[in-house]
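J.: for reference, the sequence and a predicted model appear below.
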Amino acid sequence: MMRDLKFLPRTTGLFQASGLVLYITLFAALAYTFEQWLAAHAIRPQPIMGIILFLLAFVISATISASIVFGYPVLLFFGNRRKEAFQVVLWSMAWLIFFFSAFFLIVFLSSAYMPVLP
């Protein structure tokens, strides 16, 4: 039997969306750092290796992202708490849309005050 943690679906969705945003941020920082490291050491991998690396990273990232967003709702669903599972997924998506909008506004507003360099 599942232990009830007594979090509302909206709170669970917030936790899941925040976890996903944190994962995406860490992944982006790691990818950027890796790119800078390659450039600093004058390492230019073959194009096919870059494609393979990108696709592997994409598949692994999609799996981790799906686990973060759908892991708990799947447990709820198979525990006959389908309505709550559906609500958690909807709240996760709502929070992700909120975070996307917030990041978009931050980028848009910060770039509006920065001069364009040639």
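T.: Received the coordinates, thanks.
J.: what's the separation between residue 77 and residue 6?
T.: Separation of residue 77 from residue 6 (C-beta to C-beta, to the nearest Å): 19 Å. Bear in mind the C-beta positions are built from the backbone N, C-alpha and C, glycine included.
J.: please disregard the earlier target; I meant residue 45.
T.: From residue 45 over to residue 6 the distance is 50 Å, taken as C-beta to C-beta.
J.: compare neighbour counts for those two and give me the winner.
T.: Between residue 45 and residue 6, counting by other C-beta atoms under 10 Å, residue 45 is the more crowded of the two (11 against 6).
J.: that one contacts residue 53, doesn't it?
T.: Yes. Look at residue 45 against residue 53 with C-beta atoms under 8 Å: they come within range, at 7.4 Å.
J.: so what's residue 69 up against?
T.: By C-beta atoms under 8 Å, 6 or more residues apart in numbering, the residues touching residue 69 are 16-17, 20, 89, 92.
J.: I'd like the next helix or strand past the helix or strand encompassing residue 34.
T.: Assessed by DSSP states H and E, residue 34 sits inside helix 9-40. Using DSSP H and E, the helix or strand that directly follows helix 9-40 along the chain is helix 47-78.
J.: next one: that following helix to chain centre, how far?
T.: Remark: helix 47-78 is offset 10 Å from the chain centroid, using C-alpha atoms, centre = their mean, to the nearest Å.
J.: check which helices and strands the following helix or strand past it sits against.
T.: For helix 47-78, the following helix or strand on the C-terminal side (DSSP H and E) is helix 82-112. Helix 82-112 sits against helix 9-40, helix 47-78, with contacts defined as 3 or more C-beta pairs under 8 Å, 6 or more residues apart in numbering; DSSP states H and E.
J.: could you pull out the buried residues of helix 82-112?
T.: 84-85, 87-89, 91-92, 95-96, 99 (16 or more other C-beta atoms under 10 Å).
J.: how much space separates residue 100 from residue 69?
T.: 14 Å.
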